[in-house]
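**Q** Got a sequence here, can you model it:
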Amino acid sequence: MNDSPLTDTQIDQALGQLSDWARDGDHLVKIYTFADFKAALAFMVRAGFEAEARNHHPEWSNVYNRVEVRLNTHSAGNKITAKDADLATAFDLVCSSS
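**A** Okay, here's the model as predicted:
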């Protein structure tokens, strides 16, 4: 997958295909909310396997039942790339299969 930064138009198009993701500067961001800590942690484990398979790792944090995810591509100068949109899609699939 290409490490070239997406244009603003391409980012808007990607966001149009993602559920509840937003742009925060040079990051795609989403907060997932779960029933409890156990469910949030289970999501992080499964999502972590998706990130590792793509060799593309998120910035994320967890507080009780919430997981905040921030995505950008370090090798593209910390800009948003197609890798970020792909990983966001994978994370949403992991969440929906929970």
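**Q** longest helix in the chain, by residue count?
**A** Assignment by DSSP state H gives helix 37-54 as the longest helix of the chain.
**Q** In the next helix-or-strand element following it, which residues are buried?
**A** Moving toward the C-terminus from helix 37-54, the next helix or strand (DSSP states H and E) is strand 59-63. Within strand 59-63, the residues that qualify as buried are residue 60, counting by 16 or more other Cβ atoms under 10 Å. No exception for glycine: its C-beta is placed from N, CA and C like everyone else's.
**Q** Output whatever helix or strand comes next after strand 59-63 as CSV, restricted to C-alpha atoms.
**A** As assigned by DSSP H and E, the chain's next helix or strand after strand 59-63 is strand 66-71. Output of strand 66-71 as CSV, limited to C-alpha atoms (Å, rounded to 0.1, in the frame of the first residue of the first chain):
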residue,chain,number,x,y,z
ARG,A,66,-13.4,3.5,26.1
VAL,A,67,-10.6,3.1,23.5
GLU,A,68,-9.5,6.2,21.7
VAL,A,69,-7.7,5.5,18.4
ARG,A,70,-5.5,8.0,16.4
LEU,A,71,-4.1,7.0,13.1
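**Q** Could you pull up the mean pLDDT of strand 66-71?
**A** Here strand 66-71 scores 98 as its mean pLDDT.
**Q** what's the distance between the most centrally placed residue in the chain and residue 36?
**A** For the chain, residue 88 is the residue whose C-alpha lies nearest the centre (Cα atoms, centre = their mean; 3.6 Å). In this view, residue 88 and residue 36 are 24 Å apart by Cβ to Cβ, to the nearest Å.
**Q** Tell me where this protein is predicted with low confidence.
**A** In the predicted model of the chain, residues 1-2, 98 satisfy pLDDT under 70.
**Q** ok, 90 please
**A** 1-3, 97-98 (pLDDT under 90).
**Q** picking up where we left off before, buried residues in the longest helix of the chain, which are they?
**A** 39, 40, 43, 44, 46, 47, 50, 51.
**Q** ok, back up a step: for the residue nearest to the centre of the chain, give its distance to residue 58.
**A** Counting by Cβ to Cβ, the gap from residue 88 to residue 58 is 9 Å.
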